[in-house]
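> A structural model of the following input is requested.
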Amino acid sequence: MIQTRKSPFLPTTKKEVEQLGWDQLDVILFTGDAYVDHPSFGIAVIARVLENMGLKVAVVPQPNWQDDLRDFKKLGQPRLFFGVSSGNMDSMINHYTANKRLRSDDAYTAGDKAGFRPDYAATVYSTILKNLYPNVPVVLGGIEASLRRFTHYDYWCDTLKPSILVDSRADILVYGMGEQAIVSITKALLEGESISSLQTIPQTAFIAKDKDYKKIENLEEVEIPGFKECLSDKKVFATTFKTIEIESNKLRSKRLIEPVDGGYLVVNPPPTILMTEEELDAVYRLPFTRLPHPKYYKKGPIPAYEMIKFSVNIHRGCFGGCSFCTISAHQGKFIINRSQTSVLEEISKLSMMPDFKGHITDLGGPSANMYKLEGKNAYICSQCKKSSCLWPEVCFNLNTDNSQLIELYKRVRELPYIKKATIGSGIRLDLISEDNENNRRYKNDLIRYHVSGRLKVAPEHTSDKVLYMMRKPALSVFKKFHSDFIKINEAQNQRQQLIPYFISSHPGCTIDDMQQLSNEMRSMNIQPEQVQDFTPTPMTLASAMYYSGIDPYSMKPVFVEKIKENKIAQKEKFFWKKR
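Model prediction:
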């Protein structure tokens, strides 16, 4: 039962709590982002889910960790637990460029101002709370916790780091999209169980002092090498990463056990039954205001919010399995969809916002054209160990019929209050490369109706050797789409641009490969605008290759460019027209 209140937002200050007449909060959530009550912001989703359970919940955004810690004390001690997240991004990616230069902005802060969160924010917040309130449980979640749950390579320290549970001293970690796990944890605590007894909840991790932790019936356990063993031998780290990635992408995963100082890290697998369409719809029907908290009104816009405030997420998950991407490690490989009704309901709510001009800026997800796609034979999917359904070729068991997505686009176009609905998310080109009527219709509708003038796609490279390392399709796939894009625009008398994303200095990429990219783009008369120097992020295959110099699957050496000047030279190859 949702609590009634004067403000539609959850409280963030002691005054707001007192105005509600609450003596004690049940849960207090700390985040490194500004508080935006929107389903694209993880902490807002968790807050609304807990509120929907009838709990008294508060959000403390961007607490000051450098003063007398008053932000950590002002709301007192919650009855159940503290929740901690660094925000929608890993704080180190948020803070530093690929060349490890400190950024001067922060898209998740009002006014785009930097300096409102610490490095390794989740660890810093959790440690402060455990020092102040040692007997209150701390639940760690969000992208930073999710991707640092095992021993991982940290680019900014240029070394391996142990599980974030070791340094943060949090009691339990929720990885991935955490609604189901946080509800299970909360229900158990409400029933009087201790946080240390919660050892069998799917999609959670904890540290046990010894191997006398609770077993899960009919669930196989695999012990993987620990931090010290991985640190002493890069080959061990590479093979360990392979095990983690394989288990993370299975429908029925094993429980992974990793030795740590003082005990064992236990990582429970995700639920074997995926979140249903009805359950995901229920999350999006929670009473989000879809606005930043009023405290920011005079502090300038929040760029990350401005970018997504008129966009709609239609599904979760990605089965692309790109080497450099963290989406499948966080959201999972299997697609969880919203119903068309739920999507249309959200668009209706957006249309009533005072500054809405009739333009939906995105109908997408991690990959915009994976909506409603799944395996044809569920049993084959349940036995699959592959990290990608698209690489090195599209899986024979994957249903690539995008009829339901075409229908959704059409229904949105027909809404009387919608002038334009464009696709801002990346499109996986290999899903629509086969020449059939369905794909031709999808490309025609996409290019004719759903491009704002510039369509962004991500071929990432032109060298087939590098693309193989990236787990991306061959250059011929991009060339075919580029040709189709030109033909459809000419047929419709439209002048639109195709904007490709590329990455330099990815493992396996040499300066010669970048020269080839430059030559290919010149021949196609494309001047790349979206330029990204590869940044190793925790828990990706590319990062494992970057650190170890080894392909974890073949165990063969991989060339990795680590010299700063050479990395800059690779990136410079993008700008062939300028040169």
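> got the residue ranges for the strands in the stretch 351-500 of the chain?
With DSSP state E, counting those that start in this stretch as the criterion, the stretch 351-500 of the chain has strands at 359-360, 362-364, 420-421, 454-460, 497-504.
> Partner strands of the second one and their direction?
Spelled out, it's strand 362-364. Applying DSSP bridges, strand 362-364 is found paired with strand 311-313 (parallel).
> List the neighbouring strands of whatever helix or strand comes next after the strand it pairs with plus their orientation.
As assigned by DSSP states H and E, the chain's next helix or strand after strand 311-313 is strand 315-316. The partner list of strand 315-316 in its sheet, established with DSSP bridges, is strand 336-337 (antiparallel).
> What are the contacting residues of the partner strand?
For strand 336-337, contacts defined as Cβ atoms under 8 Å, 6 or more residues apart in numbering pick out 274, 275, 277, 280, 314, 315, 316, 317, 371, 372. Placement of C-beta: from N, CA and C, glycine included.
> so the second one touches residue 180, yeah?
Yes: in this structure, residue 275 sits in contact with residue 180. The criterion is Cβ atoms under 8 Å, and the distance is 6.5 Å.
> before we move on, back to that, what's the most distant pair in the contacts of strand 336-337?
With distances taken as Cβ to Cβ, the most widely separated pair in the contacts of strand 336-337 is 274 and 314, at 16.0 Å.
> Show me which helix runs longest in the protein.
Assignment by DSSP state H gives helix 475-491 as the longest helix of the chain.
> helices or strands up against it?
With contacts defined as 3 or more Cβ pairs under 8 Å, 6 or more residues apart in numbering; DSSP states H and E, helix 475-491 has these neighbours: helix 437-449, strand 454-460, strand 497-504.
> CA atoms of that helix as PDB?
C-alpha atoms of helix 475-491 as PDB (Å, rounded to 0.1, in the frame of the first residue of the first chain):
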ATOM      1  CA  LEU A 475      32.000  -5.100 -42.400                       C
ATOM      2  CA  SER A 476      29.900  -6.400 -45.300                       C
ATOM      3  CA  VAL A 477      26.800  -6.200 -43.000                       C
ATOM      4  CA  PHE A 478      27.400  -2.500 -42.400                       C
ATOM      5  CA  LYS A 479      28.000  -1.900 -46.100                       C
ATOM      6  CA  LYS A 480      24.800  -3.600 -47.000                       C
ATOM      7  CA  PHE A 481      22.800  -1.500 -44.500                       C
ATOM      8  CA  HIS A 482      24.500   1.700 -45.700                       C
ATOM      9  CA  SER A 483      23.500   0.900 -49.200                       C
ATOM     10  CA  ASP A 484      19.900   0.100 -48.200                       C
ATOM     11  CA  PHE A 485      19.800   3.400 -46.100                       C
ATOM     12  CA  ILE A 486      20.800   5.400 -49.200                       C
ATOM     13  CA  LYS A 487      18.200   3.600 -51.500                       C
ATOM     14  CA  ILE A 488      15.300   4.000 -49.100                       C
ATOM     15  CA  ASN A 489      16.100   7.700 -48.500                       C
ATOM     16  CA  GLU A 490      16.300   8.300 -52.300                       C
ATOM     17  CA  ALA A 491      13.000   6.500 -52.800                       C
END
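> now the residue nearest the centre of the chain: how far from residue 248?
For the chain, residue 327 is the residue whose C-alpha lies nearest the centre (Cα atoms, centre = their mean; 4.7 Å). Going from residue 327 to residue 248 by Cβ to Cβ, to the nearest Å gives 12 Å.
> before we move on, the earlier item: switch the strands of the stretch 351-500 of the chain over to JSON lines; also include distance to residue 160, mean pLDDT and mean neighbour count.
Below are these laid out as JSON lines (distance: least, Cβ to Cβ, whole Å; pLDDT from 0 to 100; neighbours: other Cβ atoms under 10 Å):
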{"stretch": "strand 359-360", "distance to residue 160": "43", "mean pLDDT": "97", "mean neighbour count": "19"}
{"stretch": "strand 362-364", "distance to residue 160": "35", "mean pLDDT": "95", "mean neighbour count": "21"}
{"stretch": "strand 420-421", "distance to residue 160": "45", "mean pLDDT": "96", "mean neighbour count": "19"}
{"stretch": "strand 454-460", "distance to residue 160": "26", "mean pLDDT": "91", "mean neighbour count": "20"}
{"stretch": "strand 497-504", "distance to residue 160": "23", "mean pLDDT": "92", "mean neighbour count": "20"}
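> quick one, which of these is nearest to residue 147?
Closest to residue 147 of the strands of the stretch 351-500 of the chain is strand 497-504 (Cβ to Cβ; 18.6 Å).
> other SSEs contacting the closest one?
strand 454-460, helix 475-491, helix 511-523, strand 530-533, helix 564-572.
> what lines up beside that strand in the sheet?
When pairs are called by DSSP bridges, strand 497-504 turns out to pair with strand 454-460 (parallel), strand 530-533 (parallel).
> Nearest to residue 438, out of the ones you listed?
Nearest of these to residue 438, taken as Cβ to Cβ: strand 454-460 at 19.1 Å.
> that older thread, quick one: contacts for the residue nearest to the centre of the chain?
Taking Cβ under 8 Å, 6+ apart, one finds 317, 318, 320, 366 in contact with residue 327.
> Determine which two of these are furthest apart.
Within these, 317 and 320 form the most distant pair, 10.0 Å apart (Cβ to Cβ).
> so residue 189 sits in a helix?
Yes: counting by DSSP: H, G, I helix; E, B strand; the rest coil, one finds residue 189 located in a helix.
> check contacts around it.
Contacts of residue 189 by Cβ under 8 Å, 6+ apart are 80, 81, 137, 195, 198.
> is it true that residue 153 lies in a helix?
No: secondary structure assignment (three-state DSSP) places residue 153 in strand, not in a helix.
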